[in-house]
Structure formats: C-alpha cells, structure tokens
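Undergrad: sequence unavailable; structure follows:
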C-alpha cells in the first residue's frame, strides 16, 4: 500500500471514530423518528400513500424498510446514516482533484462532523451521491447506466435536488446521442417524472408547508440569504457572510470561464433552492449545506479544465476556507450533543415503560413533537391518543395535524371514558395546577421535545 492510501486510511479512521461517538450518543428527535415510525408501522402501500404527504421522495424510507420490518433496534438507522456519510468522506479523499488540506477541511466542516453523520435523515444520501456523480461525470460515456442511475437515486432523495438532477439529465441527453444512450436517457427521464408526479399536489396535503407563508419583499431575499449562512456557520457575522459570498462569486466566475455547463448547473440549482427557501420550506443546516455541496460538485468536475497552478491554488483556498470556517459551529454542536440531551424522547419512553401500564390511556398534545417518544416504544404498546385525529398514533399525519399544539386537551371528556388517564405534554405546554409524575430536565436542546407526564384519575362515581 503506497503512502497516499495509508494517509487516507488514517484520516478516514480518525473521522469515523470522532463522528461515530457523536452518532452513538445522539438522541433521535421528531423528524428523524418520523421516517422510522412510518416504515415500521405501515405496509408498503400505506408507506407509498403516506410519504407523498411528507413532501419527500421514497428512497430513504425504502432503505430503512428492511431494518424496521425485521425489528432491528432503532440505532441501526443511525448506523446506516453514519456509514453512508463516512463512505462519502472516503470517496472525497480518494477521488476528488483537490489538495489534501482542502479535502480535510471539507471533513472538518459542521456538515461532515455533525449535521450529516449525527442526524439520521435522508440528507445523508446527498454527499455520497454527489461525489459519485462528480467521479462518474467524465466516465458517463463508458458507464451511461451507472451515471443515470446515480442521478435517478439522487432525485429520489429530496425535492431540493430535483432541479440539479433534471439539469444533469438534460446535459446527458444533449451530449450523448445514439441508440446506446437512448435507454439510459429514458430511465432517467422516467425517474424524474415519477418524482414530479408522485409529489405533485402534495403541498396541498401538508399543513406544515401550507403554513409556510412569507410575504415576499426585497428584504426577505436578504433575510433568506443571511439565514442560509446562519445555518451553515451558526452565526451571521460579517466574516461568515464574506466567506460564503466569496465562495459563490469565485465559483460562478471560474465556472463561467472554464465550464459553461457547470455554470448553468450551479446557477440553476442555487436559484431553484433559494426559491424553495422563500416560498415552500424553511431552512435547516442540511438543506443550506446542499448549496455549497452542489458548488463543490461543479468545481470538482471543472477543476481539471485549468492548467494554471495559481487558479487551482485559489480554488483550493476558497473551498477550504468555506468549509473550515464552520468548524467552530461543528465543535459547538458536537459538545452540546455530547453533554446535553438533544431530545428527551428516549428518557420519557423509558419512564413510560417502567411506570405506566401497557394498556393505559395516554393522550398527547402534539404528534409532531412526541414521535421521538414513540420511536423508543414497541409498535403495539403505549400508543398515544390525539384528539384532533380522534385516534391513536405513533407518527405524524401531515394532512391532519393540528396547527396549534397549545389547544386545550379534552381531559374532562376523556375522564368520563377512562378511570385513569395519562397526559403527555411537550414543549412549553404544561399544566401549572397539576403535579407531573415526570418532567424533563432543563438541559434539553430541542425545547419542543421537553416532556411533562401527568396522571389523572376520575373522582366521580361511575
């Protein structure tokens, strides 16, 4: 084994060791729990019907399906997510054209130290598929099916990648004519159309998306831009605004001069995703980082189109700074996740298993924030009742969820039906005139996933 592979092996082992520690300690929260509960508690047809209301494609759910159905422990979802991101790091180190300092800087970012490996969500698939596409881009004529299949998989990860994948497929179709490329092109087109038709109209079935109403103004554009930067660096200081803006400007200028196709890819994706942030969905760290990762993909593809060592040095420096400046944010989040409780769902579930009978009636105030309790409970025991569903639940039903979890619960009505009821309250919703039998500690990072459990008994004669 030559020196290069020894160094890369050492780097990826150190990276895997650090990130696995965070992953193993991380408590799952509502958005992570949702996917596992859907595939655990629904059959195939039910999963397909439900997931479109989430506004997501199906790939992540199908990856989790065998683990959930075979009753693997829920940590298997976290291990799958972490493993995928670790493999992506290996591909970056082995195959990208950047210098070693730049590659290590990417792995030291908040994206790769925390957000993607620690939180088990579909976003973990974006880096590995982007890096595979960057590697396969120059080999698409040799491996057309593999290249298009990778595009199809990425399109089925998240709606934010739909424009990027569509543009890549359009370029593939334009650059590769003839019978040999006809079927790969059709495969890609069908996959993109499937996502479009599957998700078409889903915003009308998701009350969370419907509630995302921002009044458009020029100021909103700048606020959105700053919010992207905040989710990447944990701050909107002038330094971070400068670093992110420099990355975008340098990327656009370099691509415009050296690779018009990649210039088109980057600009189209940036505008598309920015519009999603403006009009459809809020900004979270994993989505914000996608903008930079697409830029990294474009620079990866175009990097060898310049022979200028000075230009390559500038690109490596800008990329390294863009990722490395988020290391402080990564350290902050890793420290908090290690020494605080990310979500108290696991602790609340343990209390329920030890102190509340399996057949007890438990009413909750919010399926959105109590899914992280359900995920640590057996699927056939301790389900929670939600009065707006008028039914028991484990996962959130997005076309039924009540917009206001502070609405009063029908406790008197429930006490007429059950001698004893348990009330699970989340977030800042709690009763001041009733003593809880369980209260989360004050060190919960996700404030909405701090829990209170009450026991109420009917004192009236039956």
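TA: Perfect, thanks for sending it. Fair warning: this is a prediction, and the values are worked out from it, not measured in the lab.
Undergrad: wait, isn't residue 139 in contact with residue 147?
TA: Yes. Taking contacts as Cβ atoms under 8 Å, residue 139 lies within contact range of residue 147: 7.1 Å. For the C-beta atoms, the positions are set from N, CA and C on the backbone; glycine is no exception.
Undergrad: which one of the two is surrounded by more residues?
TA: The neighbour count for residue 139 versus residue 147, taken as other Cβ atoms under 10 Å, is higher for residue 147 (25 against 11).
Undergrad: could you pull up the contacting residues of the more buried one?
TA: Applying Cβ atoms under 8 Å, 6 or more residues apart in numbering to residue 147 gives the contacts 133, 136, 137, 139, 140, 172, 184.
Undergrad: A helix includes it, no?
TA: Yes. Assessed with DSSP: H, G, I helix; E, B strand; the rest coil, residue 147 lies in a helix.
Undergrad: okay, now residue 456: neighbour count?
TA: Per other Cβ under 10 Å, the neighbour tally for residue 456 reads 18.
Undergrad: packing partners for the host helix or strand of it?
TA: Element membership of residue 456, judged by DSSP states H and E, is strand 451-457. Contacts defined by 3 or more Cβ pairs under 8 Å, 6 or more residues apart in numbering; DSSP states H and E place strand 451-457 against helix 345-355, helix 411-417, strand 420-426, strand 438-439.
Undergrad: now for residue 59: which residues touch it?
TA: 122, 125, 153, 156, 157.
Undergrad: what values do phi and psi take at it?
TA: phi -60, psi -50 (degrees, to the nearest 10).
Undergrad: so what pLDDT did residue 206 get?
TA: The model reports residue 206 with a pLDDT of 62.
Undergrad: all strands of the stretch 251-400 of the chain, in order?
TA: Under the criterion DSSP state E, counting those that start in this stretch, the stretch 251-400 of the chain contains strands at 361-364, 384-386, 391-393.
Undergrad: quick one: which of these is nearest residue 424?
TA: Minimum separation from residue 424 across these (Cβ to Cβ) falls at strand 361-364, 4.2 Å.
Undergrad: thought residue 58 was touching residue 122, still the case?
TA: No. Counting by Cβ under 8 Å, residue 58 is not a contact partner of residue 122; they are 9.8 Å apart.
Undergrad: overlap in contacts of these two?
TA: With contacts taken as Cβ under 8 Å, 6+ apart, residue 122 and residue 58 have no neighbour in common.
Undergrad: the strand holding residue 456 pairs with which strands, and in what direction?
TA: Applying DSSP bridges, strand 451-457 is found paired with strand 420-426 (antiparallel), strand 438-439 (antiparallel).
Undergrad: next SSE downstream of the lowest-mean-pLDDT helix or strand in the chain?
TA: Least confident helix or strand of the chain, by mean pLDDT, DSSP states H and E, is helix 207-210 with a mean of 58. Scanning forward in sequence from helix 207-210 by DSSP H and E, the next helix or strand is helix 218-233.
Undergrad: give me the buried positions along that following helix.
TA: Using 16 or more other Cβ atoms under 10 Å as the test for burial, helix 218-233 gives 224, 225, 227, 228, 229, 230, 231, 232, 233.
Undergrad: please name the residues that touch the fourth one.
TA: So the one you mean is residue 228. 244, 277, 283, 288, 291.
Undergrad: one more time with 6 Å, if that's ok
TA: 283, 288 (Cβ atoms under 6 Å, 6 or more residues apart in numbering).
Undergrad: give me the below-cutoff pLDDT ranges for the chain.
TA: Applying pLDDT under 70 to the chain flags residues 1, 201-214, 402-403, 459-462.
Undergrad: tell me the domain ranges of it?
TA: What automatic domain parsing lists as the domains of the chain is 3-338, 345-457.
Undergrad: residues near residue 87, how many?
TA: 16.
Undergrad: re earlier: which ones among the contacts of residue 59 map onto helices?
TA: Using DSSP state H, the members of the contacts of residue 59 that fall within helices are 125, 153.
Undergrad: list buried residues within the contacts of residue 59.
TA: 122, 125, 153, 156, 157.
Undergrad: any chance of a markdown table for those, columns distance to residue 215?
TA: Below are the buried ones among the contacts of residue 59 laid out as a markdown table (distance: Cβ to Cβ, whole Å):
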| residue | distance to residue 215 |
| --- | --- |
| 122 | 30 |
| 125 | 34 |
| 153 | 37 |
| 156 | 33 |
| 157 | 31 |
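Undergrad: just the closest of the residues you listed to residue 255, please.
TA: Nearest member of those to residue 255, counting by Cβ to Cβ, is residue 157, at 23.5 Å.
Undergrad: what's the separation between the closest one and residue 358?
TA: 37 Å (Cβ to Cβ, to the nearest Å).
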